[in-house]
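Participant: sequence and predicted structure are below.
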Amino acid sequence: MHLAGNIVFIVILVAALFAIPLGIPGTFVIFLASLIYGVITHFTQITQTLIWILLGIALFGELMEYFAGIFGAKKFGSSKAGIIGAIVGGILGGIVGTGILPLVGSIIGLLIGAFLGAFLMELIVKKKPAQALRAGWGTFTGRIGGILTKVILGIVMIILVLVRIF
């Protein structure tokens, strides 16, 4: 592939990595970009085996992000209503945060929204502020753990790809 093509490819990989905290499935973007690169280059540098490995890592990352949020919420006593509140709050917080400060505001809004959504739903269901606060905190920490895990897996994917290209 030409130098310009490699530069565009690397920019896409890095952008996908930075998209992960925004709730965008960046690991799948890395996988798809690598698959396209492989097809264009007839799988000379990025092999079909590597494509399957990248797909496995992307799927694993999605599962880890999902279960980390649930694990954090459950570990700190959240109910199903609290988890639903965290999901809805995270989405709404991300939207509001984007409107206030694009990119950084999205991440902050998503995290604060997840916390507030879990907290408010737990407060409505359990009506005990201490329990609701604990459940909100668990959801928040689980979400952070899931995002960090997925970012680390995205970095691993990019390293695997770049080693093959260079």
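Facilitator: That came through, no problem.
Participant: hey, let's count contacts and neighbours off CA atoms from now on
Facilitator: Fine.
Participant: biggest helix in this structure by residues?
Facilitator: Longest among the helix segments of the chain by residue count, using DSSP state H, is helix 129-165.
Participant: other SSEs contacting that helix?
Facilitator: helix 3-19, helix 26-40, helix 48-75, helix 80-100, helix 104-126 (3 or more C-alpha pairs under 8 Å, 6 or more residues apart in numbering; DSSP states H and E).
Participant: winner for burial among the ones you listed?
Facilitator: helix 104-126 (a mean of 24; mean count of other C-alpha atoms under 10 Å).
Participant: which of the helices and strands packed on helix 129-165 sits closest to residue 134?
Facilitator: helix 104-126 (8.0 Å; C-alpha to C-alpha).
Participant: between the closest one and helix 3-19, how big is the angle?
Facilitator: Counting by axes from the mean of the first three to the mean of the last three C-alpha atoms, to 10 degrees, helix 104-126 lies at 30 degrees to helix 3-19.
Participant: any low-confidence regions in this protein?
Facilitator: 1 (pLDDT under 70).
Participant: centre-most residue in it?
Facilitator: The centroid of the chain falls nearest to residue 20 when counting by C-alpha atoms, centre = their mean (4.1 Å).
Participant: hmm, that one is touching residue 150, no?
Facilitator: Yes. Assessed by C-alpha atoms under 8 Å, residue 20 is found in contact with residue 150 at 7.2 Å.
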